[in-house]
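Student: Just the structure for this:
(2 chains)
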Amino acid sequence: MNRRISSRITLALPALLMCGLLHAEDATNLLSFANALLAEKDYYRAITEYKRFLHLFPSNPEADAARYAVGLAYFRGEKWEPAIEAFRNVQATDENGECGKRAQLMIGEAAYHSGDYPAALDAFDAFARNHSSDDLSPDAAMRATQCLFLLGKTRLAQAQAVRMTEQHSTDGRIAELLQEMKDSDNLPRKSAALAGSLSAILPGAGQLYTERPRDAGISFLLNSSLIALAIIAFQNDEPVAGGILSVVELSWYAGNIYGAVNGAQKFNRSQRQRFIEKLDFKCGIMRGANESPMPTGGISIHF
Amino acid sequence: MRHILTLNALLFMAVITLAEEPWSASQRDPILHEAQPLRLLELDLADNFAMLTCYMWLGFYQNWLSVLSRSPCRMEPSCSNYAIQAIKEHGAGIGIIMTADRLIHEVDEQKARRIVRSPGKAFCPDSVSNNDFWWYAP
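Tutor: Numbers count the residues shown, from 1 in each chain, chains lettered A, B, ... in the order given. Now for the predicted structure:
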């Protein structure tokens, strides 16, 4: 009897071991496939595969890394809000681990890229405070300084940058940041009031001032021809036609002024956007977020 | 004079007829609150007279004239949907002014902004929020 049982165990044990191995192999393959999709920038499918992995292997040691990768896929796909939510999930499940720590920084990054600088500032400040000895702490402080600057708190940002220079004298980015903050005063700007006034005097002139020559041409031709038609109508004793044309022209004229002011605002916004991109390029952090798929493999930060 | 006005009316109709239909949303600059083609029956009758008149004209254009359009609009949302959205958000007066501006600034906007390409389509995202961001926060 004992012999029969032991022989059954002898037969069953390799089968069980095989099952375990296959299970582990499935998990590894699935994760590897998801990583490949992420590398191919097929973020939507990558997220599905990471979620499949998390559904099938919720207690796998790589589960937190997969949760982090979901956030990373959203982040790279520029879906900032779902990215923040995914990173918050990582924080909730792995608060003190490497993934949770990186997730906190990525929450700040996603908020920063979405233009929510107050939320980004909070996240970076929290990271710098909670993980002051971490290698990425200077990066978080750097980003917090950028946020302060972009929020218009230039003096605070400059004071923080000077403090950072004292703490991390070898980091050349801080000097760059200080220089950029000084240069920001010289950004080209267009006056919205001037653009509107110019277009009020001569339709299209404001558009020309805001560097939109084709819009200027269209605006000038449209308004001048409608004004001419209205005048001709009145001169030919056709007040109804003249009145209708005048009303139509009035909306084009107002649209022309609105367009000039709008163009100036868009010009200033685009200059600011370019400046932020330049700032990111020169003083940026977390560019590794675009390169390394899993935090357990180590996020590579490129300065 | 009548000939000039008739010619102008025909020209205006031709311009309207050559304007186009909407595209899908962009990835880079998603327009998540894109106005849908107008259904007059869904309108709230409490809307003021000016808004109702605008909606009627836009509904007429979308249901009868835009079907004659040959080429698809390169702007997203299309000008008529933009007009509906602008009127809905800011009322008839500002909505008409914003629509006039949109019709004027189409060409340079396509140069200034990144064209979004998807299979068989290319369009320039230019939502209402891209044109009222400096004075209106929803």
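Student: Please report how far residue A:32 lies from residue A:102.
Tutor: 21 Å (Cβ to Cβ, to the nearest Å). In short, each C-beta sits where N, CA and C put it, glycine included.
Student: With neighbour numbers in mind, choose between these two.
Tutor: Taking neighbours as other Cβ atoms under 10 Å in any protein chain shown, residue A:32 and residue A:102 compare with residue A:102 leading, 30 against 11.
Student: quick one: which helix or strand includes residue 73?
Tutor: Looking at chain A here, since you left the chain open. Element membership for residue A:73, per DSSP states H and E: helix A:63-76.
Student: not what I meant, chain B
Tutor: Here residue B:73 is assigned to no helix or strand, by DSSP H and E.
Student: And residue B:122, by the same measure?
Tutor: Element membership for residue B:122 (DSSP H and E) is strand B:121-125.
Student: ok, that strand: who's next to it in the sheet?
Tutor: The strands beside strand B:121-125 in its sheet (DSSP bridges) come out as strand B:75-76 (parallel), strand B:116-118 (antiparallel).
Student: Name the next helix or strand following the first one along the chain.
Tutor: Toward the C-terminal end, the helix or strand that comes next after strand B:75-76 (DSSP H and E) is helix B:79-112.
Student: so where's chain B uncertain?
Tutor: Within chain B, the segments meeting pLDDT under 70 span B:1-47, B:70.
Student: Tell me which residue of it lies closest to chain A.
Tutor: Evaluated by Cβ to the nearest Cβ, chain B has residue B:100 as its residue closest to chain A, separated by 2.5 Å.
Student: ok so, going back, report the buried residues of the helix or strand following the helix holding residue A:73.
Tutor: Downstream of helix A:63-76, the first helix or strand assigned by DSSP H and E is helix A:80-93. By 16 or more other Cβ atoms under 10 Å in any protein chain shown, the buried positions in helix A:80-93 come out as A:80, A:82, A:83, A:84, A:86, A:87, A:89, A:90, A:91.
Student: ok, the third one - contacts?
Tutor: Each residue near residue A:83 by Cβ atoms under 8 Å, 6 or more residues apart in numbering or on different chains is listed here: A:71, A:72, A:74, A:75, A:106, A:110.
Student: tally of neighbours for the nearest residue to it once chain neighbours are set aside?
Tutor: Excluding its sequence neighbours, the residue lying closest to residue A:83 (Cβ to Cβ, 6 or more residues apart in numbering or on different chains) is residue A:74, at 3.7 Å. When neighbours are counted by other Cβ under 10 Å, residue A:74 registers 24.
Student: Next, work out how far apart residue A:74 and chain B are.
Tutor: Using Cβ to the nearest Cβ, to the nearest Å, residue A:74 is found at 13 Å from chain B.
Student: I'd guessed that residue sits against residue A:82; true?
Tutor: Yes: in terms of Cβ atoms under 8 Å, residue A:74 counts as a neighbour of residue A:82; the distance is 4.4 Å.
Student: Please dump the contacts of residue A:83 into a markdown table; it should also carry pLDDT for every row.
Tutor: Listed next are those as a markdown table, based on pLDDT from 0 to 100:
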| residue | pLDDT |
| --- | --- |
| A:71 | 94 |
| A:72 | 93 |
| A:74 | 93 |
| A:75 | 92 |
| A:106 | 92 |
| A:110 | 93 |
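Student: Out of the residues you listed, which is nearest to chain B?
Tutor: Using Cβ to the nearest Cβ, these come closest to chain B at residue A:74, 13.0 Å.
Student: pLDDT value on the residue in chain A positioned nearest to chain B, please?
Tutor: Using Cβ to the nearest Cβ, the closest approach of chain A to chain B is made by residue A:255 at 2.5 Å. Residue A:255 carries a pLDDT value of 97.
Student: any idea which helix or strand carries it?
Tutor: helix A:239-283.
Student: and that helix, what other elements does it pack with?
Tutor: Judged by 3 or more Cβ pairs under 8 Å, 6 or more residues apart in numbering or on different chains; DSSP states H and E, the packing partners of helix A:239-283 are helix A:137-150, helix A:172-183, helix A:192-201, helix A:205-209, helix A:213-235, helix B:79-112.
Student: doesn't residue A:126 make contact with residue A:111?
Tutor: No: using Cβ under 8 Å, residue A:111 is not in contact with residue A:126, being 11.6 Å away.
Student: So for these two, which residue has more residues nearby?
Tutor: Using other Cβ under 10 Å as the criterion, residue A:111 and residue A:126 rank with residue A:111 on top: 23 against 16.
Student: so which strand or helix has that one?
Tutor: helix A:98-113.
Student: Not counting the helix or strand just after that helix itself, show me its contacts.
Tutor: Sequence order places helix A:117-130 as the next helix or strand after helix A:98-113, per DSSP H and E. The contact list for helix A:117-130, computed with Cβ under 8 Å, 6+ apart, reads A:101, A:104-105, A:107-109, A:111-112, A:134, A:136-137, A:140-141, A:143-144, A:147-148, A:150-151.
Student: what about stretch A:196-214, near chain B?
Tutor: Yes: counting by Cβ under 8 Å from any Cβ of the partner chain, chain B is contacted by stretch A:196-214 at A:207, A:212, A:213, A:214.
Student: What parts of the stretch 1-150 of chain A come near chain B?
Tutor: So far as Cβ under 8 Å from any Cβ goes, the stretch 1-150 of chain A lies against chain B at residue A:78.
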